[in-house]
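Engineer: Model the following, please.
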Amino acid sequence: MQRRKPEQNNMEKRDQEFTIFQKSLRERIRKLRTDRGWTLEETEEHGWKSWRHLQRIEAGQNFTIYTLWKICKLYGIKIGDLFKKL
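Structural biologist: Residues are numbered from 1 along each chain as shown. Alright, predicted model coming up:
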């Protein structure tokens, strides 16, 4: 049986932490929408370009910082507020 190097264990732990962080962020984004009572389709009425894009983000598709910035503009919050308590 091969033993893992400490660096490998640290990387695996960071990967797990990032996965948890990413899931929490997606849930926060979904909550911002649902707290307003909006369906995905209704986000287009409020200025979002494609509800399907937001659906993919909420489902786990990777996104850029620019996309996060646009999401914050859509919901009228500061980008720092998106990360509070994550």
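
Engineer: Just give the nearest non-adjacent residue to residue 21, would you?
Structural biologist: Counting by C-beta to C-beta, 6 or more residues apart in numbering, residue 86 is the residue found nearest to residue 21 once chain neighbours are left out, at 6.2 Å. To be clear about C-beta, it is placed using only N, CA and C from the backbone, and glycine gets the same treatment.

Engineer: Isn't that neighbour up against residue 20?
Structural biologist: No. In this structure, residue 86 is not within contact of residue 20 by C-beta atoms under 8 Å, at 9.2 Å.

Engineer: Does anything pack onto the helix or strand of the chain with the lowest mean pLDDT? Which helices or strands?
Structural biologist: When each helix and strand of the chain is scored by mean pLDDT, DSSP states H and E, helix 6-35 comes last, with a mean of 91. Contact partners of helix 6-35 among helices and strands, from 3 or more C-beta pairs under 8 Å, 6 or more residues apart in numbering; DSSP states H and E: helix 51-59, helix 65-75, helix 79-83.
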